[in-house]
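A.B. asks: Following is a predicted model, sequence given first.
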Amino acid sequence: MDLFDTTELTLTAAMRGSTAREAALSDNLANVDTPGYVRKDVDFHSALQSALAGSGAGSSTTDSTLDGMSFSATPDGSTPMRVDGNTIDVDKESSELSQNALEYQSLEQVARSRIEILQSAMGASS
């Protein structure tokens, strides 16, 4: 088993994606009163699915794609526009931010568990 196998690289990429999404959602909330501000989001789930489906999980191409993957916020035109041209709904953004935080915590726990398994296999005490 490689130390940085596809699972580890996927977890790391997902955590980077979740971090980028948290920044985008926080920016949205910070700009709730900015006229003309268009909501932004990071769809890292689709990017990860594409990377994993591209050459098949476990291939060196997939692993190098996951390792170098970066995520950026893109405008989300699917939300309704207010009279001032702003597309932010505070309740929706707060909900998305909470959901994203829970997802990040779950990813972090899985990554931590994997490290603990490796430490146990090496005979190291926690």
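C.D. replies: Structure's in. What do you need?
A.B. asks: Going by residue numbers, what spans are helices in this structure?
C.D. replies: 6-30, 44-54, 60-67, 90-122 (DSSP state H).
A.B. asks: Would you mind pulling the contact partners of stretch 8-23?
C.D. replies: 41-42, 44-45, 47-48, 51-52, 63, 66-67, 69-73, 97, 100-101, 103-104, 107-108, 110-111, 114 (CB atoms under 8 Å, 6 or more residues apart in numbering). (Glycine included, C-beta is placed from N, CA and C.)
A.B. asks: re the thing from before, highest average neighbour count across the helices of the chain?
C.D. replies: With neighbours defined as mean count of other CB atoms under 10 Å, the helices of the chain peak in mean count at helix 6-30, which reaches a mean of 19.
A.B. asks: what is the orientation angle of it with helix 44-54?
C.D. replies: Interaxial angle, helix 6-30 versus helix 44-54 (axes from the mean of the first three to the mean of the last three CA atoms, to 10 degrees): 160 degrees.
A.B. asks: What mean pLDDT does helix 6-30 get?
C.D. replies: Helix 6-30 carries an average pLDDT of 95.
A.B. asks: How about the contacts made by the closest residue to L97 other than its chain neighbours?
C.D. replies: Leaving out its chain neighbours, the residue that sits closest to L97 by CB to CB, 6 or more residues apart in numbering is L25, at 4.6 Å. Residues in contact with L25, defined by CB under 8 Å, 6+ apart, are 41, 93, 96-97, 100.
A.B. asks: how close does L25 get to T65?
C.D. replies: Distance, L25 to T65, by CB to CB, to the nearest Å: 25 Å.
A.B. asks: helices or strands up against the lowest-mean-pLDDT helix or strand in the chain?
C.D. replies: Using mean pLDDT, DSSP states H and E, helix 60-67 stands out as the lowest-scoring helix or strand of the chain, at a mean of 76. Contact here means 3 or more CB pairs under 8 Å, 6 or more residues apart in numbering; DSSP states H and E; on that basis helix 60-67 packs against helix 6-30, helix 44-54.
A.B. asks: distance between that helix and the chain's centre?
C.D. replies: In this view, helix 60-67 has its centroid 17 Å away from the chain centroid, taken as CA atoms, centre = their mean, to the nearest Å.
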